[in-house]
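Asker: Here is the input, now give the coordinates:
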Amino acid sequence: MITQEEFERRLQVSVEAGKITQQHADEEAERRRRWLAGQPSEALSAMATPDGPGTELKSLLATFGIHASPTCKCNSMARKMNDMESKEPGWCLSHIEEIVEVMEEAAKARKLPFLRTAGKLLVKKAVKNWHKKATGK
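Answerer: Sure, this is the predicted structure:
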């Protein structure tokens, strides 16, 4: 397990790269501090790794001006994507329908057009981007 200091350093790198907001980084750091202290604020599986395909997907969507709202499931799905892909490589692609469903719900709530094919392409691109960064290939 990485140290809290390293976790927070990685969060800060993600903030500086524009992948996550400072508020999100602060919340994740606090959630991990509480968990390490034996006072979990949420289940361990809800903790985010600061980077991963979910973070990449959020970054891709941000290029189109689409950002997670406080009421959508986007942030929790991004955390789940990051966490599960790090534990079980290939998880995101094998659960692409679940991911795209959350994207579609968020689009409908915002009254935005949504094409499932485009959603799947974005998820695949996010996974590819993440693996490229993670492996350097």
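Asker: Going by neighbour count, which residues in the element among helices and strands of the chain having the smallest mean pLDDT are buried?
Answerer: Sorting the helices and strands of the chain by mean pLDDT, DSSP states H and E puts helix 22-36 at the bottom, at a mean of 78. By neighbour count on 16 or more other C-beta atoms under 10 Å, the buried set for helix 22-36 is H24, A25, E27, E28, A29, R31, R32, W35. Any C-beta I mention is one placed from the backbone N, CA and C, and that applies to glycine too.
Asker: what residue ranges in the protein are flagged as low confidence?
Answerer: Scanning the chain for pLDDT under 70 picks out the ranges 1-2, 35, 38-50.
Asker: which strands and helices sit next to the helix or strand just after the least confident helix or strand of the chain?
Answerer: Sequence order places helix 53-62 as the next helix or strand after helix 22-36, per DSSP states H and E. Helix 53-62 sits against helix 74-87, helix 116-135, with contacts defined as 3 or more C-beta pairs under 8 Å, 6 or more residues apart in numbering; DSSP states H and E.
Asker: Could you list the buried residues of helix 53-62?
Answerer: P53, G54, T55, E56, L57, K58, S59, L60, L61.
Asker: just to revisit the earlier point, from the contact counts, what lies against the least confident helix or strand of the chain?
Answerer: By 3+ C-beta pairs under 8 Å, 6+ apart, helix 22-36 packs against helix 4-16.
Asker: which other residues reach the helix it packs on?
Answerer: 2, 20-22, 25, 28-29, 32-33, 36, 50-51, 55 (C-beta atoms under 8 Å, 6 or more residues apart in numbering).
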